[in-house]
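S.K.: what's the 3D shape of this:
(chains A and B)
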Amino acid sequence: MLDRELVEHTLRTALARGADFAEVFVEDKRSSSALLDDARVERVTSGRDRGAGIRVVVGETTGFAHTADLSRRGLEAAASAAAAAARGGTGGVRRVRLGPPAHAGGPAAVPPGEVATTAKVELLTRADEAARAQGSAITQVTARYGDSRRRILVANSDGVFVDDDQTRTLFSVSCVATGDTGMQTGRESVGRTVGFELFDATDVAELAGRAARRALTKLKARPAPSGSMPVVVGPGGGGVLFHEACGHGLEADLVAKSASAFAGRVGERVATPLVTLIDDATMAGEWGHFGVDDEGHAGARNVLIRDGVLTDYMWDLLRARREGRVSSGNGRRQGYEHLPMVRMTNTYIANGTDDPEAIVADTPRGVYVAQLGGGQVNTATGDFVFGMTEAYLIENGEITAPIREGNLIGNGPEVLQRIDALGDDFAMGSPGTCGKDGQGVPVGDGTPTLRVTSLTVGGTAA
Amino acid sequence: MSELLDIARDLAARARPGEQVEAFVVRSRGTEVRAYDGEIESLTVSDSAGVGVRVVAGGRQGFSYAGTLDPDALDGVLDEARDNAAFGTADPHAGVAEPDGVPIPDLDLYRDALASVPTDDKVALALELEKATRGADGRIIGVESAEYSDGVGEMAVATSGGVEASACETVCYLATHALASEGDETQTGFGFSVGREPADLDPAVAAGDAARRATRLLGARQAPSGRLTVVFDPFVTAQFLGIIGSTLDGESVLKGRSLFADRVGEQVAAPCVRLVDDPTDVRAFTAAAIDAEGLASRRTPLLVDGVLQGFLHDTYTARRAGTRSTASAVRGYSSPPRVGARALRLEPGTRSPDEIVAGIDDGFLVQGVAGLHSGVNPVSGDFSTGAEGLRIRAGELAEPVREVTIASTLQRLLLDVREVGSDLEFLPMSSAGLTLVVDDVTLSGA
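M.R.: Reported below is the predicted structural model:
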């Protein structure tokens, strides 16, 4: 993406005022998307963002500047601005010597950029037809296709010089169903860190049918109950729960600022022994997968909680340096205009041994959540919410009536101690975008069926 | 400024016969300073620009963008938009904006001072904010984040049909998140100060608000479930208005996704609810002279005495609905325009928050909400959100409450509004805040 001499020159400029560390992050991202709504192909778009972010660290201070101008002059200007922002002295020049670049990833099997736009648009119309075929109560369908190819190069004053090539492809369908009780919505999505070969394994008509049936089912939904009760979360869906309940609280930047309910608890039992929580960027094809993180560190599999005991936090380069350890490969950023910070990748709960049907049968009264929406956490208090977009009552050990949408609320450290059943039906959930501090990055998650003995369900029914 | 308009004009002028071209060009420059533990944690200098081009030919629309103003890249953007247009479905209403005769208002939104204030002064503001937050109360044990942030935004739009307009503004703010602790417990609270130049900002106000919000939650417990009157803090009201705004956009209405389609002229909210979208109000930090299609900003009343007046429209939805655009197009450079509220505001009432609380026998002051994106469905109207705040007992603020949800439906919430406070406050978001009292909301807790 940039030749070695130019990268070295930029790093030397960044270090010219004296600094502890300097880094050049170059990104070239091409995206394309197509949107079908109201039975029309409405938006076919494509574009490119390309630029470099330059980071200079002096003591506790990070200076940062970015540029879309990748010429020698543009990079020099950004490097000088970052150095000035870091407020270093005028001292010493450090030598920078980079080796040949390492390659952490290559193009997808079927690069979406080489696929005809008609093939992408055809997926949309197929999904629209399949959703509407579920019945005349389906009154609106929105189908979205999107792909991106993100090539990055990271070089720093420690000699790191590596590039990666990340392709992601996404497809989603949202339906509106209309009945006597008003309108309801149903959504399904699939997204993987692969190219157009995603659609060899994914039938968009089947995906659209599921989204439509979800909306139709919800037309019969009753108001959700209100108050604390047992909650069973179906396979795949529970990942969001752990992302919020403890994932964010295990990010080292928040831990270091005492803004985590899990600070100072490594080695302690923080969950029931059923819980083993892993963050794993190496899961090929998963939505949160990459070869190297946005600081040039290889993606890794990190066990965070083993059999209920907290084993480690997630780290980026700066936090790890301060603690005299290595990064765990969790330094990520939305793009070249942003500073990296500690982020999750694919976060999941390892499989259990219980029979999922027996977990429901063993629950006299409660709520079964088949699909979760997003969530949010206050890491300092541990209080978190997550939405239920498809859920049912459990009555006398059976899944019965569908219930309307709403949030559930709990406290992360408490909820981890209340997981009393874990199924043997592990599945990854839907592709997600984590929005920490305003920066969106793709994340995956997964769980088997699980039960929390008590969570507060935020409905309106007594 | 004229540089952006020149780029937009040049692109629009390349339209071929039978083709409409719209070019949208933006540039933003800013400084962000984060302070932590008495030091500068990070200082970011940003300068971003981009262009989005829309081509409409034969009723088919295509779009392309680039995150640069490099002349070499611009040719490719236009070509790609043209290629993409071939794949759309023909739609007789598709098209870019046309001059509509509404004069562009002259709004005072730009301050030279923002760019001329030395970086050292901005750094000093961030450091002062962090120090003031730490020192605001003995129970403040830390500051999760304290930052100064500013931006100079410029945009220009030109179309082959004769729209040519540009706008610029400056905004800056201080924001701080305090951590308060007592015993094993930690609570958090935020505070901010917003303005158009650094002299408008007050670190003491932001720090004091953050400390008060965090410390008054210490000792919070889950409350028992029940139905009661809730009082939304201005910041919560502003977030609620954002959701209401999304149900009143012309696109949702035309595509059968709005709760309020076919209800123009009906009483959909309590008579004290008077809602307007007014991006010409210079007090709003999202005010701008033009919308994202280059039309003059205008004031659009949405609810008058609780009666629905109409919907927000961009050029496309207005044509399809047989009406005029309300200049409600919003976008970034990397996507085509869509309809959105730009500066929502409720007409304030007459009583202050203190007077309002004094009149409530049993209620819940909601200081913060969580999960509005996950527990609220603007299509079905289901509304459920995590909440924290203080109980109101016999006209006084009482014990703190956490880990509860409040739930209703958007339709009922609007009709159940009992009172609107006098404390109108402009926030760094597209809705203004004020205190709002809503009856008969379900609280879920222990």
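S.K.: Apart from its neighbours in sequence, what residue is nearest residue A:8?
M.R.: Counting by CB to CB, 6 or more residues apart in numbering or on different chains, residue A:96 is the residue found nearest to residue A:8 once chain neighbours are left out, at 5.3 Å. Yep, even glycine has a C-beta here, placed from its N, CA and C like the rest.
S.K.: does that neighbour really touch residue A:158, like I thought?
M.R.: No - with contact taken as CB atoms under 8 Å, residue A:96 and residue A:158 are classed as non-touching, separated by 9.4 Å.
S.K.: Of those two, which one has the most company?
M.R.: Set side by side, residue A:96 and residue A:158 show unequal neighbour counts under other CB atoms under 10 Å in any protein chain shown, the larger going to residue A:96 at 20 against 14.
S.K.: and the more buried one, backbone torsions?
M.R.: Main-chain torsions, residue A:96, degrees, to the nearest 10: phi -120, psi 120.
S.K.: which residues touch it?
M.R.: The contact partners of residue A:96, taken as CB atoms under 8 Å, 6 or more residues apart in numbering or on different chains, are A:8, A:11, A:12, A:15, A:22, A:157, A:159.
S.K.: Quick check: the fourth one vs residue B:44, distance?
M.R.: I take that to be residue A:15. Counting by CB to CB, to the nearest Å, the gap from residue A:15 to residue B:44 is 19 Å.
S.K.: burial of residue A:2, as a residue count?
M.R.: Using other CB under 10 Å, residue A:2 has 18 neighbouring residues.
S.K.: Which pLDDT value goes with the residue nearest to residue A:8?
M.R.: We have a pLDDT of 79 for residue A:96.
S.K.: any idea how far it lies from residue A:69?
M.R.: Counting by CB to CB, the gap from residue A:96 to residue A:69 is 21 Å.
S.K.: Restricting to C-alpha, output stretch A:240-250 in PDB.
M.R.: Listed in PDB are the C-alpha atoms of stretch A:240-250, where the atom choice follows Å, rounded to 0.1, in the frame of the first residue of the first chain:
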ATOM      1  CA  VAL A 240     -25.200 -10.000  23.300                       C
ATOM      2  CA  LEU A 241     -26.000 -10.700  26.900                       C
ATOM      3  CA  PHE A 242     -22.400 -11.600  27.700                       C
ATOM      4  CA  HIS A 243     -21.000  -8.800  25.400                       C
ATOM      5  CA  GLU A 244     -22.800  -6.300  27.700                       C
ATOM      6  CA  ALA A 245     -22.900  -8.200  31.100                       C
ATOM      7  CA  CYS A 246     -19.200  -8.700  31.300                       C
ATOM      8  CA  GLY A 247     -17.400  -8.300  27.900                       C
ATOM      9  CA  HIS A 248     -17.000  -4.500  28.100                       C
ATOM     10  CA  GLY A 249     -16.200  -4.700  31.800                       C
ATOM     11  CA  LEU A 250     -13.200  -6.900  30.800                       C
END
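S.K.: Work out the gap between it and the centre of the chain.
M.R.: Per CA atoms, centre = their mean, to the nearest Å, the displacement of stretch A:240-250 from the mean C-alpha position of its chain is 12 Å.
S.K.: Got a quick ChimeraX command for the buried subset of the contacts of residue A:96?
M.R.: To isolate the buried ones among these in ChimeraX, judged by 16 or more other CB atoms under 10 Å in any protein chain shown, type:
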select /A:8,11,12,15,22,157
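S.K.: Can you tell me which of the contacts of residue A:96 is nearest residue A:248?
M.R.: Distances from the contacts of residue A:96 to residue A:248 were compared by CB to CB; the smallest belongs to residue A:22, at 29.0 Å.
S.K.: element containing residue B:126?
M.R.: helix B:119-135 (DSSP states H and E).
S.K.: how far away is the residue nearest to residue A:8 from residue B:156?
M.R.: Summarising the geometry, the distance separating residue A:96 from residue B:156, computed by CB to CB, is 41 Å.
S.K.: One more: residue A:139?
M.R.: For residue A:139, the distance to residue B:156 under the criterion CB to CB works out to 39 Å.
S.K.: coming back round to it: same list (the contacts of residue A:96) but as JSON lines, adding secondary structure.
M.R.: Output for the contacts of residue A:96, formatted as JSON lines (DSSP: H, G, I helix; E, B strand; the rest coil):
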{"residue": "A:8", "secondary structure": "helix"}
{"residue": "A:11", "secondary structure": "helix"}
{"residue": "A:12", "secondary structure": "helix"}
{"residue": "A:15", "secondary structure": "helix"}
{"residue": "A:22", "secondary structure": "strand"}
{"residue": "A:157", "secondary structure": "coil"}
{"residue": "A:159", "secondary structure": "coil"}
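S.K.: Can I get the contacts of residue A:96 in TSV including pLDDT and distance to residue A:124?
M.R.: Rendered in TSV, the data for those read as follows (pLDDT from 0 to 100; distance: CB to CB, whole Å):
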residue	pLDDT	distance to residue A:124
A:8	95	46
A:11	97	45
A:12	95	49
A:15	93	50
A:22	96	45
A:157	95	47
A:159	94	47
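S.K.: Alright, I will stop here.
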